[in-house]
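> let me see the structure of the following:
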Amino acid sequence: MNSIENIFDAGCWLRKNLREVDNLRKMSWLKSRLLLRGSPLKNEKIHIGPSQNWLGRLWESRLGSANGTIFKVGLEAQTTGREDSINLLENVATKLKEHLGEGNQAGEGVLLWDGDDGNVVVQYTNVGGDRRILVVLTSNIVRQLTHR
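As a prediction, this is how the structure comes out:
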């Protein structure tokens, strides 16, 4: 296996302090509360990070942190339709397979990979009628963060 931190440039933010990332914006209170409902971590926060170029596309980034330490980096890309979604999902899966080996399917539209230092979840979803591909890196540092 390999490190999940090397899959895309934003992976280097894992394990770092939020202050080390430029151009962060806080997510709205309501949206972050809805996303964090049921979270087992104390002081978990979600921030909107700078856009990232990966696989020839511009992706929105989200950073999950607890006590100021980033443990999750997510990228989200909107696709233009079914064929575009399938092509992007195949490109993502190919890239991850090259880097981490064979992944596992965890349900319809959800793929998982394990790395030496965490895991990757890829999800195809429909948000308000927009087709999106989500790629989420979660560092194993999450085990060391304070739980509720």
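> residue contacts, the residue nearest to Asp22 when sequence neighbours are not counted?
Distances taken as Cβ to Cβ, 6 or more residues apart in numbering place Pro50 nearest to Asp22, at 6.9 Å, with adjacent residues excluded. (Each C-beta comes from the backbone N, C-alpha and C, glycine too.) Neighbouring residues of Pro50 by Cβ atoms under 8 Å, 6 or more residues apart in numbering: Val21, Asp22, Asn23, Leu24, Ser61.
> in stretch 44-61, what's buried?
Along stretch 44-61, the positions that meet the burial threshold by neighbour count (16 or more other Cβ atoms under 10 Å) are Glu44, Lys45, Ile46, His47, Ile48, Gly49, Gln52, Trp54, Arg57, Trp59, Glu60, Ser61.
> who touches the top helix by length along the chain?
Counting residues, the longest helix in the chain under DSSP state H turns out to be helix 82-100. With contacts defined as Cβ under 8 Å, 6+ apart, helix 82-100 is touched by 1-2, 4, 6-7, 55, 57, 77, 79, 103, 111, 113-115, 120, 122, 124, 131, 133, 135.
> among those residues, which lie within strands?
Secondary structure from DSSP state E places Arg57, Ala77, Leu111, Trp113, Asp114, Gly115, Val120, Val122, Tyr124, Arg131, Ile133, Val135 of the contacts of helix 82-100 in strands.
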